[in-house]
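Enquirer: okay, structure incoming, though there's no sequence with it:
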């Protein structure tokens, strides 16, 4: 704890100053509308009153995000490596990849709702669609930058099949794959929140939208803080995992 405070003391001071400034502008100076910007006592009181509801929302959100993200990781890595290793397939299909990958998942909402049997399956599909492309493209790029001499050396040593794939290709491409996976994780939360705010009956995004409809802004801001904390923890855990996998590089994270 002391190490954390020593490393992030400026960050902590900025956060404390923001809270104090918020309090002064809402309760003392009346510079901000106290209905829309309630004081932090009311906001943190929400966590006491609705802690169980927030936890249930987290569980509901993870039921959408986890399967979609895992599917995007598995299919993105395997598909990207396949494209990267097969020049003919890549030359034929990459124009379609360049055409489809920039499209935002929101464009597919009408088809997801019309073709899939439930809101849950539609949401999982949209999250998968948004998180798949960065991993897929990162895997392709990671394979393509491997120097030819390393591939030739591996073949000279008789490496082929799974040995060639998992001892040469995957480790060499892993920095780009994990970079894409980090981007995809952030996008997954963005799409998850968007989906829950417009069609869910539970979840972290639904919590914000529900209380926004009733103008209970202490609950809205508490939900935003809760969402931000969950996303921050997920990203920090991912960075630690990334650091462990890429121990052989000079990678440094913000926690170093």
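Expert: Right, received. Where do you want to start? Keep in mind that this is a model prediction, so the values were computed, not measured. Numbering: from 1, shown residues only.

Enquirer: output the lowest mean pLDDT helix or strand found in this protein.
Expert: Every helix and strand in the chain was compared by mean pLDDT, DSSP states H and E; the lowest is helix 2-7, with a mean of 68.

Enquirer: I'd like the next helix or strand past it.
Expert: Next in sequence after helix 2-7, counting helices and strands by DSSP states H and E, comes helix 9-23.

Enquirer: next one: the first helix or strand past that next one going along the chain to chain centre, how far?
Expert: Once helix 9-23 ends, the next helix or strand along the chain (criterion: DSSP H and E) is helix 40-49. Computed by C-alpha atoms, centre = their mean, to the nearest Å, the chain-centroid distance of helix 40-49 equals 27 Å.

Enquirer: cool, and stretch 218-236?
Expert: The answer for stretch 218-236 is 13 Å, by C-alpha atoms, centre = their mean.

Enquirer: next: stretch 113-129.
Expert: 18 Å.

Enquirer: what average pLDDT does that stretch get?
Expert: For stretch 113-129, the mean pLDDT works out to 91.

Enquirer: likewise stretch 188-198?
Expert: Mean predicted confidence for stretch 188-198 is 88.

Enquirer: now swap in stretch 137-148 and tell me
Expert: For stretch 137-148, the per-residue pLDDT averages 92.

Enquirer: could you pull out the helices for the stretch 101-250 of the chain?
Expert: All helices of the stretch 101-250 of the chain, identified by DSSP state H, counting those that start in this stretch, fall at 109-115, 119-144, 148-156, 161-164, 170-199, 204-213, 217-245.

Enquirer: show me the one of these that comes nearest residue 48.
Expert: Closest to residue 48 of the helices of the stretch 101-250 of the chain is helix 217-245 (C-beta to C-beta; 10.1 Å). From N, CA and C alone the C-beta is placed, and that goes for glycine too.

Enquirer: list the buried residues for that closest one?
Expert: Of the residues in helix 217-245, 217-223, 226-227, 230-231, 234, 238-239, 242-243 count as buried by neighbour count, 16 or more other C-beta atoms under 10 Å.

Enquirer: residue 212: how many residues sit nearby?
Expert: For residue 212, the neighbour count with other C-beta atoms under 10 Å is 14.

Enquirer: and for the one 3 residues further on?
Expert: Other residues near residue 215 number 10, with proximity taken as other C-beta under 10 Å.

Enquirer: tell me the confidence at it?
Expert: With respect to pLDDT, residue 215 has a value of 88.

Enquirer: looking at the helices of the stretch 101-250 of the chain, which is buried most?
Expert: Most buried of those, by mean neighbour count (mean count of other C-beta atoms under 10 Å): helix 119-144, with a mean of 23.

Enquirer: now for that helix, which elements pack on it?
Expert: helix 51-85, helix 87-100, helix 109-115, helix 170-199 (3 or more C-beta pairs under 8 Å, 6 or more residues apart in numbering; DSSP states H and E).
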